[in-house]
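Engineer: prediction below, plus the sequence it came from.
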Amino acid sequence: MRATAASLVAATKNDVPRRRATCSHGVVTADHDVSPAYGADRLAAVYDALNTWGSSDEFYLRHLMPAASVLDLGCGMLCRARVAGHRGDLVGVDPAAGMLAVARAKRDDVAWLRARAQALDLGRTFELVTMTGHAFQELLDDDDVRAVLAAVHRHLVPGGRFVFETRNPAARAWQRWTPGQTRATVRSPAGDEVVVWHDLRRVRPPDLVDYVTTFHWRGTGYTVTSASTLRFVDPVWLNTLCTDAGLRVDGWYGDWDRSAVTATSPEIIVVAARV
């Protein structure tokens, strides 16, 4: 995770699909197959405040800048790549209308497309594909993982790279997802104070974790709760899934400083190449 506030969205960004968020003023209806939190414009607008720049962004930017063409499965990094001087072909794909609206408002020199990664077929290839913000953990079974890895493979040039991360299950990050340990306050673009926290609900062996994220606007009392599930993939099996999809793992890191994966490493960061 990044800093405390950013870690909240690290677990909430592009959360598990097929959810509905309830609020104190009725029901917030999410886009189909989109997190209710970030399908809603009000919450998508808070995303940047919760995701301040950090070491993970620096890691991805080092891969992004030399690549002439980049497909980002999400809207995480492409705006910053343009600001940093990237002049190549950038395409961002996200299923959430709210997130895409925020991204389009920032940059009109990036191609923004609404789609699900599992079924993506743009009919072209890229030098680099990225999937940031622990979005890989929203793939809750092997069928979804295989579908995304197959989509990545068909969108990569031979030798092109896929870079993504998932939390290391051995570190058991979910044990710290409690209101007392995750509560943070940020300011929305409109100047409102928004309090955000996680509440762990249950762990479902072998690898699923259910939790609820609450967003509370202090000024108006507006509150949204979003129930979500993440998968913590076994690293040995993850390597097998990548290999089976025709992706050779060239980099395997336990943190953004490129250190080795250990039992206490917070991350499993993968740099894979299309065979």
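Structural biologist: Noted; the coordinates are in hand. Since we're looking at a predicted model, the values are computed, not measured.

Engineer: now the strands: where do they sit in the stretch 1-150 of the chain?
Structural biologist: Assignment of strands within the stretch 1-150 of the chain using DSSP state E, counting those that start in this stretch yields the ranges 21-23, 26-28, 69-73, 89-94, 111-114, 126-131.

Engineer: quick one: the helix or strand that contains residue 197 to chain centroid distance?
Structural biologist: Residue 197 is part of strand 193-204, with elements assigned from DSSP states H and E. Computed by Cα atoms, centre = their mean, to the nearest Å, the chain-centroid distance of strand 193-204 equals 17 Å.

Engineer: now do that strand: everything it contacts.
Structural biologist: Contact with strand 193-204 is made by 5, 8-9, 11-12, 46, 49-50, 174-175, 177-179, 182-188, 209-219, 227, as judged by Cβ atoms under 8 Å, 6 or more residues apart in numbering. Every residue, glycine included, has its C-beta placed from N, CA and C.

Engineer: out of the strands of the stretch 1-150 of the chain, which comes closest to residue 145?
Structural biologist: Closest to residue 145 of these is strand 126-131 (Cβ to Cβ; 11.3 Å).

Engineer: what pairs with that closest one, parallel or antiparallel?
Structural biologist: strand 69-73 (parallel), strand 156-167 (parallel) (DSSP bridges).

Engineer: what comes up buried for the helix or strand just after the last one?
Structural biologist: It stands for strand 156-167. Downstream of strand 156-167, the next assigned helix or strand under DSSP H and E is helix 179-182. Within helix 179-182, the residues scored as buried using 16 or more other Cβ atoms under 10 Å are residue 182.

Engineer: just the CA atoms of helix 179-182, as PDB, please.
Structural biologist: Presented in PDB, the C-alpha positions along helix 179-182 are these (Å, rounded to 0.1, in the frame of the first residue of the first chain):
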ATOM      1  CA  PRO A 179     -11.800   1.200  10.900                       C
ATOM      2  CA  GLY A 180      -9.300   2.100  13.600                       C
ATOM      3  CA  GLN A 181      -6.300   1.200  11.400                       C
ATOM      4  CA  THR A 182      -7.500   2.600   8.000                       C
END
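
Engineer: which elements pack onto that helix?
Structural biologist: helix 4-12, strand 193-204 (3 or more Cβ pairs under 8 Å, 6 or more residues apart in numbering; DSSP states H and E).

Engineer: could you tell me the least trusted of these?
Structural biologist: Set side by side, these give their lowest mean pLDDT on helix 4-12, at a mean of 36.

Engineer: go ahead and confirm residue 156 touches residue 125.
Structural biologist: Yes. Residue 156 is in contact with residue 125 according to Cβ atoms under 8 Å; the separation is 5.9 Å.
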